[in-house]
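Visitor: okay, here's the prediction I keep looking at, along with the sequence it came from:
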Amino acid sequence: MLRALLRRLLLSIPLLFIVSILTFVLTGLTPGDPAHTILGTNATPAAIAAINKTLGLDKPIWVQYWHWLTGLVHGDLGRSIFSSEPVTTILANSLPITITLIVGAVIVSVLVGIPIGVASARRSKSSGQLIDAFSLVGYAIPPFFLGLLLTLLFADTLGWLPPSGWVDPGEDFGGWLLSIVLPVLTLAIPGAAIVARQTRQGMLDTLGRDFIRSLRARGLSSRSIIYKHALRNSLGNVVTLLGLYVVGMLLGTTLVETVFAMQGLGSVAVVATNQHDLPVLEGAALYFTIVVIVAFAIVDVTRAALNPKLRTR
Amino acid sequence: MAVTFALPRPTARNGVPPALRRPVTIVALCVLALLIIAAIAAPLLTPFNPISNELADAFQLPSVKHWLGTDEFGRDLLARIIYGGRVSLVGVAEAVAVYLALGLAAGIVAGYVGGVFESIVVWIADVAFALPQIIVILTILAIFANDSSAAMLALGLLGAPGLAVFVRGATKTVRAEPYISAARVSGLRTAQILIRHILPRIASPVIVQVALFAGTALLFQTGLDFLGLGTQPPAPSWGAMVSDGANYIGKDTWMVMPPGIVIVFAIVSFNLIGDALQDLRGDRISASALTVASADRVDGHLAEQHGAGATAPERAAVPVSPSAVLSVRDLCIGADGAPIVTNATFSLEPGECLGIVGESGCGKTMTALAIIGLLPEGVRTTSGSVLFRGTELQGAGERRYGSVRGSGIAMISQEPAASLDPAFTVGDQIVEVIRRHSRLSRRAAKAESLSLLAQVRLPDPAGVARRFPHQLSGGMAQRVLIAIALAGKPAVLIADEPTTALDVTVQAEILELLRLLRTEMGLAVVLVSHDWGVIADSCDSALVMYAGQVVEEAPIDAVFTRPRHPYSYALMESNPQRAAETRSILPSVPGAVPPVGQWPVGCHFAARCALATDACREAPIALDLVADEHWTRCIHPTAVPSPTTVSEG
C-alpha cells in the first residue's frame, strides 16, 4: 500500500511542474496585463514599464518562473495584484471551503449511492432503469441550475436553510452545518446517482462471477455473499469513479461556490480570472492540482485496501 | 463449464439496431436536431430581437405573445434561447472538433504504429487525466478575456489525450485480428488499412466517446457563461440567461427555468445518444446469479424448435436404494422449454464414487448444478426428483437448500482459482464456512481450518491460510477448495472437472487426495469429467451422458471391459492416454454433439455412430438393462466392440 502511495506521489511531482509551467507560460504571453489592471487602460508606457520592473515582469519568463519556484519553497506565492494580499493568505481562507464541499459531497454520494446500487442489483431490472434515468438526469443538470432549484425550494419557499454564504464552523457550528447543506447536496445528487449506477453494475458483474456460485454452494447466507463478498469485490471501480468524480467536480465546486456566494478556491480563481490577477490564479492552479493529487492518492490507497492483488505480490 | 446454449440476441430489423430504435434515443436525436435547426434558422422562427429591450414587457410569464415569457428587460426568452443556442452549440462544436481530430489521429497512429509515439501519447494522457481542466481554462480566459472559442478549443485539447488512449486501445484490438495481418501481408499501404479497415471498426465506440464529451463540453460552455467569463451581455447565451435569472430569482422565479431546462435537455440528449451506441456495442445480458431464474426474460424461440422431449419416467422398475445418500430420479433440466438434460437417474451410496462422463455440452455440469439447486439463470429443473438422505430437494426453496449446501452436499469446480473470493485470505474463507455450519468460536474455527488444510495435504497450513487466492498455484487452490468443501462435513462431494485446469502430475495428486478422503471420511463423490482416464482411476461406477441423456450406466469394470454403448466406446478410443500407450494415432469421434434444441427424434448419437441403422433414427431409444447393473440406451448393445486393451493406470 505504501508502495502504491509512493508511486503516486512520485508521479505527482512532474504533474505539479507541468501545471505550474503551463499556467506560467500562458500568463507570460500577456505581459502588459497586470500593469493595466493596476494602472488602468490609460497608463503611460513609462508607468507600465515601471510597474513591470517592480513586479519583475520585465525579466525573461524562466527567470520569473524560477523566482516563483524559490518563493514557493519558502511558502511565498507572491501577492495579489488587485488587493496586495499575500496569495497564500487568500488561498488559505478559501481552501477549507472547497475541501468541505468536496468531502461532504463524496460522503453523501457514498452513503446514499452504494446502498441504492446494492439494493437495485438484487431487485428487478426496472429499479436499474430508474437508477439509470436518475443518473442520466443527475449528470445532465448543470450544478449552477440544480443549486438554484434547491435554493428556490429549501431556502426561498420552505425557508429551512440559508440561501447562501459560508459560516465559520469555529464561530457557529450549527450555522455552518446548515450553510453547507445546499451546496453539498447540489454536488452530491449527481454524485449519488453515478455511484449508485456504478455500484449496481459492479454488483451485477461480481454476482455473475464463478466464485459467487462457489460461495452459494458452501451454504453461505445471501447476506454474507452480497454484503461481504460481492460488495467488497465491486467497490474498486466505485472508488476509481469517485476519484474521477472529484476531479470533474472542480468545475462543479467552482459553480456551486459562485451560486452560494462562498469564497472557495473556485470562486477565488474566477474572480482572479476576471481581474487578470495572475499570481492568485497561479496559486489557485497549484492548490487545485494538489487537491487532485491527494484525491488520486486516496483512491490508490483505498483500492489497495480493497484488493489484495494491489498490495501483495 | 460454460452454459452451452446461446441466448438469442436482439436482432437488427431494417438494418437499424434496436438500441437506436428506442423511443428515448429518437427523442434525443430530435431534441438535438431541433436545437441545431432553431439556432441556424433563428430569424425565421421568432419575430423578436433577442437583445432589444422592451421594458414595458419585463418579467412576464408565458403568454400567447411571449411563449416562454420575458426577462428583466422585457426581452423574449424563447428568442434568447433560440439565438443563445448559437453560442453554446458552436462552442460544443469547437471543442468536439479539436477533441475528435487530435484524439482520433493520435490514437489511431499510436495504436497501429506503437513505439515511442505510443508511449508519449499514453504519458500525455496520464498527465491530462490528472490536470484540473477548469483551472487551465480559467487561465486561458484570463489571457483571452471573454473568448469563449479559446476556452472551448482548449477544452477539446485537454480532452483529446483521453480519446487518444481510448482509440489506441480499440485500434490495437482490431489490429490484432487476422484480416488486418492479411491486409498487411498483401501489401496494402498503412494509410489504406487505417482508413478502410480500422476506422470503420472503431467508429461506433468513438462516437460514444464524442457524444459523452459533447455533453461535458456543453456543461463547461454554459458554466463559463454562467460565471460571466464567456459571452458578455447583452448577447444571449443559455448559461448567461440562467445567471441573469438567478439575479432576479427572488422577484421572478420563472425566468431561470426555460434556459436551465434547455441545457438539461441538450446534455441528456448527448448522453442518451452515447448510451444507446454503447448498448449497441454491448448487447450483453448481465447474468445476476442471485435473482431467481426468470425464463420470460429470454425469447422462447428455442422451445418452438423442439418439443420438451421424452419426459415420461424411465426405469420405474428400479426401486430407490434405501441406503443411498443421494438419489436422483428422472431429473429433467430445461432452458426456456428446450430440454438440456432429460431423465437423468442415478443414486449414490455412502463412500461411493460415481463418474459422470461425456463431451462438453452433454449436460454433465448442468446435472451436477441441479443437484444443489445452483443452475444458472434461465435454466431450471423441469421435473424429476433429487433426494438427499430421503429429503426432496427438487423444488426446495433457498432455505432448505441452505441447510444442505456445504453441510450435506459440497461442490468443487473446474477453475479452482476462479472459485475463491479474491479479496479474502484462504484462512478467512475457510473459517467463514466452518462457522456457518457449526457453533465453533472464531479461535476454534481457526484451529479447525488449519487441520483441514493439513488434511488436504497442504504443507505449511498456517502459511497457506494467510495467503490470498492469487498467491496460490492451481493445485494448491484446488486443495484449498477441497478443504473448504470439507469444512461443513458433507456426506456428498460433487467434483465438476476438478482436475481439468491442472497439470498432469497435479491431477494425479488431486485424484489421490479425493480417494484418500473417501476412505478416511466415507465421503461419497460425484466426479464429473470428460476424461475416461480420470473416471477409470477414481470411480466405482460410471454414468455416460450424451446430448442431455444418460446413454450408459454400469460398474466401472463392466463399462471398461465391455461397453454397451457405441458412444462410450468411441470416447474410450479417443482418450489420448490410451492412444499414447498403444502407440497408435489418436482417433477422434467424427462430428460434434448436436446443440441443445436440435436433438434428433431417435438416438441422439446416431449421426456420429458407425453402428446406426434406420431403427435408431425412427423413435426415441429407451434405457435398457443389458447385464447386471448395466444399462444402455442402444438397440445394438452387443455390436459395440470392446476397447483396445491397455494396462490400467
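Guide: Here it is on my side, so go on. None of the values given here were measured: they were computed from a predicted structure.

Visitor: share the number of residues neighbouring B:T505, please.
Guide: Per other C-beta atoms under 10 Å in any protein chain shown, the neighbour tally for B:T505 reads 8. Every C-beta, even on glycine, is put in place using the N, C-alpha and C of the backbone.

Visitor: any idea which element it lies in?
Guide: Assigned by DSSP states H and E, B:T505 falls within helix B:504-521.

Visitor: partners of the helix or strand just after that helix in the sheet?
Guide: Elements were assigned by DSSP H and E; along the chain past helix B:504-521, the next helix or strand is strand B:524-529. Sheet pairing here is set by DSSP bridges, and for strand B:524-529 it gives strand B:353-357 (parallel), strand B:492-496 (parallel).

Visitor: check the gap between whichever residue of chain A sits closest to chain B and B:Y401 for me.
Guide: The nearest approach of chain A to chain B comes at A:G219, 3.0 Å away (C-beta to the nearest C-beta). Distance of A:G219 to B:Y401, computed by C-beta to C-beta, to the nearest Å: 8 Å.

Visitor: and B:P62, by the same measure?
Guide: Relative to B:Y401, and taking C-beta to C-beta, B:P62 is found at 61 Å.

Visitor: again with B:K489
Guide: 17 Å.

Visitor: picking up where we left off before, more neighbours: which of B:P62 and B:Y401?
Guide: Remark: of B:P62 and B:Y401, B:Y401 carries more neighbours, 20 against 15, as counted by other C-beta under 10 Å.

Visitor: got TSV for the strands paired with strand B:524-529, with mean neighbour count and distance to A:V118 too?
Guide: Output for these, formatted as TSV (neighbours: other C-beta atoms under 10 Å in any protein chain shown; distance: least, C-beta to C-beta, whole Å):
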stretch	mean neighbour count	distance to A:V118
strand B:353-357	26	37
strand B:492-496	25	29
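
Visitor: adding mean pLDDT and distance to B:I81, write these out as TSV.
Guide: What follows is the strands paired with strand B:524-529, written out as TSV (pLDDT from 0 to 100; distance: least, C-beta to C-beta, whole Å):
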stretch	mean pLDDT	distance to B:I81
strand B:353-357	92	69
strand B:492-496	91	63
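
Visitor: could you dump these to CSV with distance to B:V525?
Guide: Formatted as CSV, these follow (distance: least, C-beta to C-beta, whole Å):
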stretch, distance to B:V525
strand B:353-357, 4
strand B:492-496, 5
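
Visitor: what does the stretch 301-450 of chain B have sitting close to chain A?
Guide: B:372, B:374, B:398, B:402-407, B:410-411, B:413, B:415, B:418-425, B:432-433, B:436-437 (C-beta under 8 Å from any C-beta of the partner chain).

Visitor: write the ChimeraX selection for whichever of these are buried.
Guide: To isolate the buried members of those in ChimeraX, using 16 or more other C-beta atoms under 10 Å in any protein chain shown:
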select /B:372,374,402,404,405,406,407,410,411,413,415,418,419,420,421,422,423,424,425,432,433,436,437
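
Visitor: in helices only, show me the residues of the stretch 301-450 of chain B next to chain A.
Guide: Under the assignment DSSP state H, these contribute B:E398, B:G402, B:S403, B:V404, B:E432, B:V433, B:R436, B:H437 to helices.

Visitor: run a quick neighbour tally on the closest residue to the third one other than its chain neighbours.
Guide: Okay, so that is B:S403. Nearest non-adjacent residue to B:S403, counting by C-beta to C-beta, 6 or more residues apart in numbering or on different chains: A:G219, 7.6 Å away. Using other C-beta under 10 Å, A:G219 is surrounded by 23 other residues.

Visitor: so A:G219, which of the three states?
Guide: coil (DSSP: H, G, I helix; E, B strand; the rest coil).

Visitor: of the ones in helices among the residues of the stretch 301-450 of chain B next to chain A, which is the nearest to chain A?
Guide: Distances from chain A to those, taken by C-beta to the nearest C-beta, are shortest for B:V433, at 4.8 Å.

Visitor: got the contact list for that closest one?
Guide: A:R218, A:G219, A:L220, B:G406, B:I484, B:A487, B:G488 (C-beta atoms under 8 Å, 6 or more residues apart in numbering or on different chains).

Visitor: ok, B:C609 next?
Guide: Applying C-beta under 8 Å, 6+ apart, the residues near B:C609 are B:P566, B:Y567, B:C603, B:C616.

Visitor: out of these, which comes closest to chain A?
Guide: B:Y567 (28.9 Å).

Visitor: quick check: which element contains the closest one?
Guide: helix B:566-573.

Visitor: now that helix against strand B:353-357, angle please.
Guide: Orientation check (axes from the mean of the first three to the mean of the last three C-alpha atoms, to 10 degrees): helix B:566-573 against strand B:353-357 gives 100 degrees.

Visitor: elements contacting helix B:566-573?
Guide: strand B:541-546, strand B:549-555 (3 or more C-beta pairs under 8 Å, 6 or more residues apart in numbering or on different chains; DSSP states H and E).

Visitor: orientation of it relative to strand B:541-546 in degrees?
Guide: Going by the same axes, to 10 degrees, helix B:566-573 makes 110 degrees with strand B:541-546.

Visitor: next one: helix B:566-573 to chain centre, how far?
Guide: 34 Å (C-alpha atoms, centre = their mean, to the nearest Å).

Visitor: quick check: angle from it to strand B:549-555?
Guide: Going by the same axes, to 10 degrees, helix B:566-573 makes 70 degrees with strand B:549-555.

Visitor: give the contact list for the residue of the stretch 301-450 of chain B found nearest chain A.
Guide: Nearest residue of the stretch 301-450 of chain B to chain A: B:G406, at 3.0 Å (C-beta to the nearest C-beta). Contacts for B:G406 (C-beta under 8 Å, 6+ apart) come out as A:A217, A:R218, A:G219, A:L220, B:V433, B:R436, B:H437, B:A485, B:A487, B:G488, B:P490.

Visitor: contact partners for the third one?
Guide: Contacts for A:G219 (C-beta under 8 Å, 6+ apart) come out as B:G402, B:S403, B:V404, B:R405, B:G406, B:S407, B:V433, B:R436, B:H437, B:G488.

Visitor: many thanks, we can stop here.
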